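S.K.: Fold the following and give me the result.
(chains A and B)
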Protein chains: 2
Amino acid sequence: MKLETTYQSNNYPIIVEHNAIQQLHPFVQSYKDIVLVVDAKVEEQWGETLDFITSEYDAHKLVIPSGEATKTLAYYNEIIEELLSKNLTRNTCLLAVGGGATGDFTGFLAATLLRGVDFIQIPTTILAHDSSVGGKVGINSKHGKNLIGAFYRPKAVIYDLNFLSTLPYSEIISGYAEVYKHALLNDSHAVQTIEQQYNSRQRLSDLVDIETYIYNGINTKLNIIIQDEKENNVRKHLNLGHTFGHAVEYKFKIPHGHAIMIGLIYQFIVSNINLNTTFDIQRFINYLHILDYPLTLISDFDFDSLYQLMLSDKKNDDAGVQMVLLQNYGQPIVQHVDKTVLKQAFHELQTYFKK
Amino acid sequence: MKLETTYQSNNYPIIVEHNAIQQLHPFVQSYKDIVLVVDAKVEEQWGETLDFITSEYDAHKLVIPSGEATKTLAYYNEIIEELLSKNLTRNTCLLAVGGGATGDFTGFLAATLLRGVDFIQIPTTILAHDSSVGGKVGINSKHGKNLIGAFYRPKAVIYDLNFLSTLPYSEIISGYAEVYKHALLNDSHAVQTIEQQYNSRQRLSDLVDIETYIYNGINTKLNIIIQDEKENNVRKHLNLGHTFGHAVEYKFKIPHGHAIMIGLIYQFIVSNINLNTTFDIQRFINYLHILDYPLTLISDFDFDSLYQLMLSDKKNDDAGVQMVLLQNYGQPIVQHVDKTVLKQAFHELQTYFKK
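M.R.: Just a heads-up that it's a prediction; the model follows:
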């Protein structure tokens, strides 16, 4: 399946297929230098599959630590100096092979190396169906996640579904959180369909027809970012579940999607309080239990520290914390939420997970 | 005098006037947070003039070391974390008050803080007439100058000519190098006129009618960058004198424009060799002597180390060093230059400065 962005200019293709990586050639043939930046775990499992890139294009290869560990200023400094030591020209393309963190990190390298060189996203996780599209790149600050970065479009997203076959279940449910979020932003039919499709741990683990849902997720995201690339208005909707989710992720260092699912529960609770919606919180939590999401740590949460982290969210404005809430499935809205409501919702969340 | 860029969108005004800073209000009134980033020397001499910004807009103020000292990864890390500690939102504007380095550094902060916030250039030197326009921002790598950065447009350039009154002569001739370079890119009439206008150290030191030449310089630059913002073709012409100049600047840590003037001599020599032009090198050097440019260190130069630095220039392509040469005044061309020619020109340059 192929998609293409529809900006006014500088569009890029998104190829979502098994063996997609075999279609790399036209995208990289004209560069003087190719730098392959590969997540260490991916290199371990798929190193041989990637070998043709280093041999055919005489690519430099950088194997980087797996996951968010790379997204620090210290590691960015180290790697950008290493890249600059190679006398690269602007006619260079970085290939980001890995999950969301690898894409974020490599994209930020590309955005700032010699005032910008090209890069291609080659996502290897379900989660990265989200982060590889839309041009958000960046690293973490000691004050919060993704606070240092840029909007910088890739030249292509080459999403080879073969990579998904070696994902551990923990990583599958991390990615599924964003796929599910895209269904929430779509409509109630999409939510019903995806819950029926993945109604057991086994079916999700087997990734039955996952390409359809990944494709739908990317499509939902594209429709939004085309209208608002720089997140001045509707793109904020993609942050559904992220205000609380990012705080949890940052504090407890758990996989992104695990935190986002918790952020989605929290958001339903806040919506019920602030918008008088009637989302069935217990039903949703039951669904997450069926899929084996690790949720027990919720009972250890402390409001004050998570609230402090929510205060540094990039969506905030003069009035304080801004959250994306759901008026209904497919009807997101950005709203200021008072600290008292945030606290009330927090305590309600914890009642579902009493020790 | 007011200019405005003429991109397809996101244009910005350039105000070149005495007391221009009094016109700041409409550009900053709507931000939640203003951060004033001021060069320490400027703060020392002009702190009181800037006080109205902190008082009227409740601006944060950061006084940073003068000059290139700020443009390191280590200092960037320190300051971006400091900014992020203030819980800033995207509704923030950074004001860069200082020379080119302050603008480059602050612009790179703005480009990467929360994936990009607004910034305004408030140049205080002649040199910064060049760097404040065109959206190039960045910091230095240990492998060379400006190798880490972005193309990121300011929201406005507010060029208050009052600041120039406290510039030491060393800084005046540093800035004059870029003004003169813009005349070279213009035509022979412009070169003749500017040389007549500043035909003695006294006249340059008095900055007689400098606004006209600053205005002409900005205009020349604008005409070029509008055609090619990202330096794929004609913008490279603005690098006249910079291939050798940057190498000299980086190695000897001398003011940018002092190095660029040396780069301009070198470029004339290479043009004479490669393009069979007949630029009168001695006449040009005489002119620089009249203006008291410090040129004695040329006799200490070592080709190999400068050549290594030229190899990391961002303009280079597969074939090696690319230089901007002059076919005639106002007729620049980008050309590959062989190492043998670079070496020959280097030795010719040194013959003019034998100990």
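S.K.: Same question for A:Ile120, what's its three-state structure.
M.R.: Here A:Ile120 is strand, with the state taken from DSSP: H, G, I helix; E, B strand; the rest coil.
S.K.: Repeat that for A:Lys145.
M.R.: Per three-state DSSP, A:Lys145 ends up strand.
S.K.: any idea how far it lies from chain B?
M.R.: Separation of A:Lys145 from chain B (Cβ to the nearest Cβ, to the nearest Å): 11 Å. Using the backbone N, CA and C atoms, a C-beta is placed for each residue, glycine as well.
S.K.: my guess is that residue contacts A:Glu249, does it?
M.R.: Yes - applying Cβ atoms under 8 Å as the test, A:Lys145 and A:Glu249 come out as touching, 6.5 Å apart.
S.K.: Leaving out sequence neighbours, find the closest residue to A:Tyr159.
M.R.: A:Val16 (4.5 Å; Cβ to Cβ, 6 or more residues apart in numbering or on different chains).
S.K.: can you count the residues close to the nearest residue to A:Ile290 once chain neighbours are set aside?
M.R.: Excluding the flanking residues, the one nearest A:Ile290 by Cβ to Cβ, 6+ apart is A:Ser200, at 6.5 Å. Residues lying near A:Ser200 (other Cβ atoms under 10 Å in any protein chain shown) number 11.
S.K.: Also A:Ile122?
M.R.: 30.
S.K.: and it, what pLDDT?
M.R.: For A:Ile122, the pLDDT comes out at 98.
S.K.: May I have the phi/psi pair for the most centrally placed residue in chain A?
M.R.: Of all residues in chain A, the one closest to the mean position by Cα atoms, centre = their mean is A:Ser131, 3.8 Å from it. A:Ser131 adopts backbone torsions of phi -70, psi -20, taken as degrees, to the nearest 10.
S.K.: who touches the residue nearest to it when sequence neighbours are not counted in this structure?
M.R.: In this structure, A:Ser131 finds its nearest non-sequential neighbour in A:Gly100, 3.6 Å apart by Cβ to Cβ, 6+ apart. A:Gly100 makes contact with A:Pro123, A:Thr125, A:Leu127, A:Ala128, A:Asp130, A:Ser131, A:Ser132, A:His256 under the criterion Cβ atoms under 8 Å, 6 or more residues apart in numbering or on different chains.
S.K.: Which residues does stretch A:275-291 contact?
M.R.: A:173, A:176, A:195, A:198-201, A:204, A:261, A:264-265, A:268-269, A:271-272, A:295, A:325-328, A:333, A:335, A:348, A:352.
S.K.: If we use 7 Å, what do you get?
M.R.: A:173, A:195, A:198, A:200-201, A:204, A:261, A:265, A:268-269, A:271-272, A:295, A:325-328, A:352 (Cβ atoms under 7 Å, 6 or more residues apart in numbering or on different chains).
S.K.: Now do the end-to-end distance for it.
M.R.: 28 Å (Cα to Cα, to the nearest Å).
S.K.: what's the answer for stretch A:200-212, then?
M.R.: 18 Å.
S.K.: Going by neighbour count, which residues of that stretch are buried?
M.R.: Residues of stretch A:200-212 classed as buried by neighbour count (16 or more other Cβ atoms under 10 Å in any protein chain shown): A:Arg201, A:Leu204, A:Ser205, A:Leu207, A:Ile210, A:Glu211.
S.K.: go on, stretch A:153-169?
M.R.: A:Arg153, A:Pro154, A:Lys155, A:Ala156, A:Val157, A:Ile158, A:Tyr159, A:Asp160, A:Leu161, A:Phe163, A:Leu164, A:Leu167.
S.K.: now do stretch A:298-305
M.R.: A:Ile298, A:Phe301, A:Phe303.
S.K.: Make JSON lines out of the residues you listed and add secondary structure and pLDDT.
M.R.: What follows is these, written out as JSON lines (DSSP: H, G, I helix; E, B strand; the rest coil; pLDDT from 0 to 100):
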{"residue": "A:Ile298", "secondary structure": "helix", "pLDDT": "97"}
{"residue": "A:Phe301", "secondary structure": "coil", "pLDDT": "96"}
{"residue": "A:Phe303", "secondary structure": "helix", "pLDDT": "97"}
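S.K.: Closest one of those residues to chain B?
M.R.: The nearest member of those to chain B, counting by Cβ to the nearest Cβ, is A:Phe303 at 17.8 Å.
S.K.: hmm, back to that, may I see the contacts of A:Gly100 arranged in JSON lines, with secondary structure as well?
M.R.: Shown next, in JSON lines, are the contacts of A:Gly100 (three-state DSSP):
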{"residue": "A:Pro123", "secondary structure": "strand"}
{"residue": "A:Thr125", "secondary structure": "coil"}
{"residue": "A:Leu127", "secondary structure": "coil"}
{"residue": "A:Ala128", "secondary structure": "helix"}
{"residue": "A:Asp130", "secondary structure": "helix"}
{"residue": "A:Ser131", "secondary structure": "helix"}
{"residue": "A:Ser132", "secondary structure": "coil"}
{"residue": "A:His256", "secondary structure": "helix"}
